[in-house]
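> Have a look at this prediction, sequence included:
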Amino acid sequence: MAILVTGGAGFIGSHMIERLLERTSEAIVCLDNFNDYYDPAIKRRNVAGFGDRRQVKIVEGSFCQQDRMRQLFDDEDVTEVIHLGAYAGVRPSVEQPHLYQQANVEGTLCLLEAARQHPVNRFQLISSSTVYGAGAGIPFVEDAPLGMPLSPYGATKRAAELLGLVYFGLHKVPVVVLRPFSVYGPRLRPDLAMSIFTQAICEDRPLPLFGDGSIRRDFTHVRDICDGLLAARSADNVVGQCINLGHSEPIEIRRLIGLLEEAIGRRAKIRREPEKPGEMPITFADLTKAETLLAYRPQVPIEQGVAEFVAWFLQNR
Ligand SMILES: NC(=O)c1ccc[n+]([C@@H]2O[C@H](COP(=O)([O-])OP(=O)(O)OC[C@H]3O[C@@H](n4cnc5c(N)ncnc54)[C@H](O)[C@@H]3O)[C@@H](O)[C@H]2O)c1
């Protein structure tokens with residue numbers, strides 16, 4: 001019996017494996033292809049904390065290989081899947097949509113097929129707030145109209161969700177869809193605004209601000225996200241559902257810059273750039289469903305989370 005965590009060398013995946021290790025003695029398979037979407041050395045460092053634990057097996061490979069996945073599920077006797085692996089940036093998906101379609105749609109399908117042939121107890125399919133788009137009501141409610149995604153990334157995540165829900169309906173693969181919102185915390189991906197801003201302020205360089213900084217994001221700490229994913233492992237009545245994991249307190253990007261300035265102790269220099277296509281003006285999670293089904297309540301206030309993140313950044317990057 002093993003829990004398969006895809007994307008286990010990534011930002012959220014590596015936190016999730018550490019949290020699983022605190023709670024279970026089950027075998028954990030960390031599947032990751034250590035791709036170069038960002039520096040693979042960072043991913044190697046992410047797994048360093050658990051790489052030598054006997055309970056964890058690190059498998060280096062792609063979930064886009066159907067035969068290999070079927071074999072992996074059999075060989076490791078996979079009984080649970082936490083599918084975090086993906087190409088996860090909004091803006092690069094505009095330039096490289098094929099990469100996103102292959103990993104996020106085709107790859108998810110390969111895993112669903114493997115889970116159909118080798119039944120599992122639960123299949124957590126980690127989607128994203130980017131499935132909400134133009135026309136969605138605010139705050140975002142899971143079962144209300146989602147609007148039209150604004151990026152290929154969002155479209156691939158929605159396609160993956162739909163495949164998961166179809167595999168539940170058709171083949172009884174016990175899929176639960178989770179939709180995280182703007183996750184941050186230690187080991188944050190270097191391509192995300194919070195990392196880029198922090199680096200620029202620390203180096204006293206101008207930080208690129210797209211638009212006027214008034215777009216709002218529902219930043220959610222990775223500890224809270226992992227709490228939600230841990231609850232979704234065993235919660236009743238969640239199979240076949242889509243559930244938001246956010247903070248439900250969106251803040252403007254310029255407020256984020258202010259919080260980073262405070263934590264770093266230096267004023268930011270700002271280089272204004274035109275708005276980029278593909279970005280939502282606001283993300284805002286309604287958490288009624290997460291509270292009801294997962295007893296999910298985010299615990300980390302943004303001020304505390306940003307201060308902790310900066311402390312980690314100054315020591316580690
Ligand atoms: N970080 C966020 O703010 C956020 C928000 C919403 C949703 N998500 C979702 O959470 C998940 C994890 O995101 P993250 O921020 O940790 O990203 P990440 O890029 O740090 O982690 C993803 C991992 O998946 C791996 N991967 C990609 N394609 C693969 C393949 N074909 N085979 C094996 N491994 C592969 C990558 O090497 C990487 O280590 C993603 O599904 C993402 O869409 C993230």
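Right, received. Where do you want to start? Residues are numbered from 1 along each chain as shown.

> drop to CA atoms for contacts and neighbour counts, all remaining ones
Noted.

> those helices in this structure, which residues are they?
11-23, 40-48, 66-76, 90-95, 97-100, 107-117, 152-171, 193-202, 222-234, 253-264, 288-294, 302-316 (DSSP state H).

> Mind telling me which of those helices the model trusts least?
Comparing mean pLDDT across the helices of the chain, the lowest value falls on helix 90-95: a mean of 93.

> buried stuff in that one?
Val90, Arg91, Pro92, Ser93, Val94 (16 or more other Cα atoms under 10 Å).

> Does the first one touch Glu279 like I think?
Yes: look at Val90 against Glu279 with Cα atoms under 8 Å: they come within range, at 7.5 Å.

> okay, and the common contacts of those two?
Listed as contacting both Val90 and Glu279 by Cα atoms under 8 Å, 6 or more residues apart in numbering are Ser151.

> residues from the stretch 51-200 of the chain in reach of the ligand?
Residues of the stretch 51-200 of the chain found near the ligand (Cα under 6 Å from any ligand atom) are 61-64, 84-88, 103, 126-129, 180-183, 189.

> Filter those down to the buried ones, ChimeraX style.
Per 16+ other Cα under 10 Å, the buried members of these correspond to this ChimeraX selection:
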select :62,63,64,84,85,86,87,88,103,126,127,128,129,180,181,182,183,189
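
> Show me the residues of the stretch 51-200 of the chain next to the ligand that map onto strands.
Ile126, Pro180, Val183 (DSSP state E).

> who touches the closest residue to the first one other than its chain neighbours in this structure?
Put plainly, it is Ile126. Leaving aside its sequence neighbours, Ile126 sits nearest to Leu178 (Cα to Cα, 6 or more residues apart in numbering; 5.0 Å). By Cα under 8 Å, 6+ apart, Leu178 lies in contact with Gln124, Leu125, Ile126, Ser127, Ser128, Leu229, Cys242, Ile243, Asn244, Leu245.

> Tell me how far Leu178 lies from Val56.
From Leu178 across to Val56, the span is 24 Å (Cα to Cα, to the nearest Å).

> residues near the nearest residue to Pro40 once chain neighbours are set aside, how many?
Sequence neighbours aside, Phe34 is the residue nearest to Pro40 in space, at 5.5 Å (criterion: Cα to Cα, 6+ apart). Close neighbours of Phe34, defined as other Cα atoms under 10 Å, add up to 20.

> just Ala144 next, same as before
9.

> what pairs with the spatially closest residue to Ser127 that is not a sequence neighbour across the strands?
The shortest distance from Ser127 to any non-neighbouring residue, by Cα to Cα, 6+ apart, is to Arg179 (4.8 Å). In this entry, Arg179 is beta-bridged to Asn244, by DSSP bridges.

> again, but for Ala2
Ala27, Val78.

> OK, contacts around it?
Neighbours of Ala2 in contact, by Cα under 8 Å, 6+ apart: Glu26, Ala27, Ile28, Val29, Glu76, Asp77, Val78, Thr79, Glu80.
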